[in-house]
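**Student:** Test case, fold it:
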Amino acid sequence: MKRIGIIGVGEIARAIVMGLQDGDEPGPEVLLSPRGARTAAELAERYQDVRVCADNQEVVDRSDLVILALRRQDWRAALTGLTVPDDRVVVNVMPGVGTAELRQVLATDAEVTHAIPLPTVRERRCITVVCPSHPDADALFDRLGGALPVADEAALNVFSALTSTQTTYYAFLTTLVSWAAGQGIPAEDADRFVRSLYQDAGRTLGDETRSLQQLGSEHETPGGSNERVRTTWFDQANTEALRTTLDGLVAHLHGGDA
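**Tutor:** Take a look at the predicted model:
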């Protein structure tokens, strides 16, 4: 694999580095920007093929593929004035920053692709959406769990919206534990049970021979308690509220920095 540079060393960058370096096969050389100095230094100390550069320009100069992982509020200032040769491959992992907008700031004809890696790239079990498909970007994310190329940025934004539901899922589980504790169950017992319950449900997702609807049906008896909760709480109004929220998020992502 080619030399990889990363500008912006936060949690996603940390996960990418760990996913690349942890494993039986040797990892690629990774060059980190000094931005996120503490994390960058920790990674360089942990892995022999990871180094911290003096500045962002050195990352670009020494890399073949450059990952941009800056915070949305920082990226313009950090990248303005950077010289990116046309033979580099740029992978943008910043949500809500479109390719046309990024090209304008970078003023480069280098190939640019957009990707949505999640923290589970650390364990190499994350499907990463990529737009557009590029051999080097696809190879990078295939190594980290799998690449899923999509046709355009409109589709990419739909997948980005889906990733934004994760903390809502944890809030749902937290509410279950809180409700049980309110019914007199020790919070530690409720937490342990809810984790076990949904870990089991999560394992069934690995069976791709059955649709999500089939998996749900197999956990539900007609007229039973699962059906009662689903139809009473997750009713049409609840469903439409979720759809409306996701529609609004996609519209926001389409608007870039607006």
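
**Student:** quick one: average pLDDT of stretch 137-147?
**Tutor:** In this model, stretch 137-147 carries a mean pLDDT of 95.

**Student:** Buried residues, that stretch. List them.
**Tutor:** Neighbour counts using 16 or more other Cβ atoms under 10 Å place Ala137, Asp138, Leu140, Phe141, Arg143, Leu144, Gly145, Ala147 of stretch 137-147 among the buried residues. C-betas here are computed from N, CA, C, even on glycine.

**Student:** repeat for stretch 176-187
**Tutor:** Using 16+ other Cβ under 10 Å as the test for burial, stretch 176-187 gives Leu176, Val177, Ala180.

**Student:** to the chain's geometric centre, what's the distance from that stretch?
**Tutor:** With Cα atoms, centre = their mean, to the nearest Å as the basis, stretch 176-187 stands 32 Å off its chain's centre.

**Student:** What is the end-to-end distance of it?
**Tutor:** The stretch stretch 176-187 measures 10 Å between its terminal residues, going by Cα to Cα, to the nearest Å.

**Student:** residues in contact with that stretch?
**Tutor:** Here stretch 176-187 makes contact (Cβ atoms under 8 Å, 6 or more residues apart in numbering) with Ala190, Asp191, Phe193, Val194.

**Student:** Can you tell me the closest non-neighbouring residue to Arg76?
**Tutor:** Val105 (6.0 Å; Cβ to Cβ, 6 or more residues apart in numbering).

**Student:** Tell me, what's the model's pLDDT at that neighbour?
**Tutor:** At Val105, pLDDT is 94.

**Student:** tell me the contacts of Ile116?
**Tutor:** So Ile116 contacts Val93, Pro95, Thr128, Val129, Leu156, Phe159, Ser160, Thr163 (Cβ under 8 Å, 6+ apart).

**Student:** Swap in 6 Å and give it another go.
**Tutor:** Residues near Ile116 by Cβ atoms under 6 Å, 6 or more residues apart in numbering: Val129, Phe159, Ser160.

**Student:** ok, and the most crowded of the residues you listed?
**Tutor:** Taking other Cβ atoms under 10 Å as the neighbour criterion, Val129 ranks highest of these with 22 neighbours.

**Student:** where does that one fall, phi/psi-wise?
**Tutor:** When read as degrees, to the nearest 10, the backbone of Val129 gives phi -80, psi 130.

**Student:** Relative to the top strand by length along the chain, what are the paired strands and their orientations?
**Tutor:** As assigned by DSSP state E, the longest strand anywhere in the chain is strand 111-116. Applying DSSP bridges, strand 111-116 is found paired with strand 89-92 (parallel), strand 128-131 (antiparallel).

**Student:** Just put these in a markdown table and tack on distance to His114 and mean pLDDT.
**Tutor:** Output for the strands paired with strand 111-116, formatted as a markdown table (distance: least, Cβ to Cβ, whole Å; pLDDT from 0 to 100):
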| stretch | distance to His114 | mean pLDDT |
| --- | --- | --- |
| strand 89-92 | 5 | 98 |
| strand 128-131 | 5 | 96 |
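
**Student:** re earlier: among the buried residues of stretch 137-147, name the ones in strands.
**Tutor:** Residues of these located in strands (DSSP E): Ala147.

**Student:** what's the most distant pair in the buried residues of stretch 137-147?
**Tutor:** Greatest spacing in the buried residues of stretch 137-147, by Cβ to Cβ: Ala137 and Gly145 (13.7 Å).

**Student:** Contacts only, for the closest residue to Gln21 other than its chain neighbours.
**Tutor:** In this structure, Gln21 finds its nearest non-sequential neighbour in Gly27, 3.9 Å apart by Cβ to Cβ, 6+ apart. Gly27 makes contacts with Leu20, Gln21, Asp49, as judged by Cβ under 6 Å, 6+ apart.
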